[in-house]
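> Fold the following, please.
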Amino acid sequence: MAAHGVREVELDHEEGAVMTLTKQQRQAGVAESFATLRLEGMHPSPAAKRDAEDYIEGRRTLDELIADVVARHTRD
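Numbers count the residues shown, from 1 in each chain. The predicted model follows:
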């Protein structure tokens, strides 16, 4: 992870592409996603809020979060 809240994130859909997001950009993305949920009459779960905080703080990538969400909601 780079200094000052910047983290480089590998994008799967564009091989070799790297997108750098600041903490503020990650926070804005999460806020927009949660606002969209509310517009649809839904609310983020406690687990989603924890995951979002980890993402905002740069502790986990979106790919890591998506893998965990899929695992949490997939029946064996």
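> From the centroid of this structure, which residue is nearest?
In the chain, the residue lying closest to the centroid (CA atoms, centre = their mean) is L62, at 4.2 Å.
> Report the separation between that residue and G41.
24 Å (CB to CB, to the nearest Å). C-beta: built from backbone N, CA, C; applies to glycine.
> circling back to that earlier point, the residue nearest to the centre of the chain contacts Y55, correct?
Yes: using CB atoms under 8 Å, L62 is in contact with Y55, at 6.5 Å.
> Which pLDDT value does the model give the residue nearest to the centre of the chain?
According to the prediction, L62 has pLDDT 90.
> Please apply the same query to R72.
So, for R72, pLDDT stands at 88.
> do the one 4 residues further on as well
Predicted confidence (pLDDT) for D76: 72.
> Now do stretch 50-65: distance to the chain's middle.
5 Å (CA atoms, centre = their mean, to the nearest Å).
> no wait, stretch 37-57
The answer for stretch 37-57 is 9 Å, by CA atoms, centre = their mean.
> pLDDT on it, on average?
Rounded mean pLDDT across stretch 37-57 is 96.
> buried ones in it?
For stretch 37-57, the neighbour count (16 or more other CB atoms under 10 Å) marks 48, 51-52, 55-56 as buried.
> hey, C-alpha coordinates of it in CSV?
Taking C-alpha atoms only, stretch 37-57 is exported to CSV below (Å, rounded to 0.1, in the frame of the first residue of the first chain):
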residue,chain,number,x,y,z
LEU,A,37,-29.4,0.2,-1.7
ARG,A,38,-31.6,2.7,0.3
LEU,A,39,-33.3,3.9,-2.9
GLU,A,40,-34.2,0.3,-3.6
GLY,A,41,-35.7,0.0,-0.1
MET,A,42,-32.8,-2.1,1.2
HIS,A,43,-30.2,-1.5,3.9
PRO,A,44,-26.6,-2.7,4.2
SER,A,45,-26.1,-5.6,6.6
PRO,A,46,-23.8,-5.3,9.6
ALA,A,47,-21.4,-7.6,7.7
ALA,A,48,-21.6,-5.3,4.6
LYS,A,49,-20.8,-2.3,6.8
ARG,A,50,-17.8,-4.0,8.3
ASP,A,51,-16.6,-5.0,4.8
ALA,A,52,-17.1,-1.5,3.6
GLU,A,53,-15.0,-0.1,6.4
ASP,A,54,-12.2,-2.5,5.7
TYR,A,55,-12.3,-1.5,2.0
ILE,A,56,-12.4,2.2,2.8
GLU,A,57,-9.4,1.9,5.2
